[in-house]
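Asker: Give me a 3D structure for the following:
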Amino acid sequence: MQAFRATCTIERPVDQVWRQLTDWNGAAGWLGVDRVSAEGPTAVGTELRFSTRGKERRSEIVALGPGRSVTLRSQQGSVTADYTYTVDASGSGSRVTLVADVRAGGVWALAAPVIRAAIRRTDAGQLDALDRELNARPL
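Answerer: Model (predicted):
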């Protein structure tokens, strides 16, 4: 079930936005975490490690449309979160969309609405942060 959908227009070409979006080792700032590292190239099956507030998290790239979309999946117990980032041309810039889907089973099923709300509060600003980061760099 969808936790949120965010869209942002970034006045940069698609290839520049895609390069920044998938530069995992440099993504900590716009993702809102302390550190990110990739265990390989941007490809299905590559694991990403996140560190935030003293906790380690892992995600895996589960879907990839090179140059256009990537889906990261995080799983903790019976809670699964899929973050799908899509980049499309829009005029002279790029339209970037993030859809976060969260499923919770077992004992967490009743808490699913609260989990989705927490994810929305924490992560809905990622694309605006990506835009700020890209615009802080010269063309």
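
Asker: Centre-most residue in the protein?
Answerer: Central residue of the chain (C-alpha atoms, centre = their mean): residue 83, 5.2 Å from the mean position.

Asker: Skipping adjacent residues, who's closest to it in space?
Answerer: The shortest distance from residue 83 to any non-neighbouring residue, by C-beta to C-beta, 6 or more residues apart in numbering, is to residue 72 (4.7 Å). Bear in mind the C-beta positions are built from the backbone N, C-alpha and C, glycine included.

Asker: so what's the one you found up against?
Answerer: 48, 59-62, 82-83, 85 (C-beta atoms under 8 Å, 6 or more residues apart in numbering).

Asker: Between those residues, which sits nearest residue 118?
Answerer: Of all the contacts of residue 72, residue 118 sits closest to residue 83, with 14.3 Å by C-beta to C-beta.

Asker: residues in contact with that closest one?
Answerer: Taking C-beta under 8 Å, 6+ apart as the test, what residue 83 contacts is 59, 71-74, 98-100, 123.

Asker: again, 10 Å this time
Answerer: Going by C-beta atoms under 10 Å, 6 or more residues apart in numbering, residue 83 touches 3, 31, 59, 70-74, 98-102, 119, 123, 126.

Asker: farthest pair in the contacts of residue 72?
Answerer: 60 and 85 (14.4 Å).

Asker: and the two? which has more neighbours close in?
Answerer: A side-by-side neighbour count of residue 60 and residue 85, using other C-beta atoms under 10 Å, places residue 85 first with 21 against 15.

Asker: how about the helix or strand where that one lies as CSV, C-alpha atoms only?
Answerer: In the assignment (DSSP states H and E), residue 85 maps to strand 79-90. What follows is strand 79-90 as a C-alpha-only set of coordinates in CSV (Å, rounded to 0.1, in the frame of the first residue of the first chain):
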residue,chain,number,x,y,z
VAL,A,79,7.7,-4.9,7.0
THR,A,80,8.7,-4.4,3.4
ALA,A,81,9.2,-0.9,1.9
ASP,A,82,9.8,-0.4,-1.9
TYR,A,83,11.0,3.0,-3.0
THR,A,84,10.7,3.6,-6.8
TYR,A,85,12.5,6.6,-8.3
THR,A,86,11.6,7.5,-11.9
VAL,A,87,13.2,10.2,-14.0
ASP,A,88,11.5,11.5,-17.2
ALA,A,89,12.2,14.4,-19.5
SER,A,90,10.1,17.5,-18.8
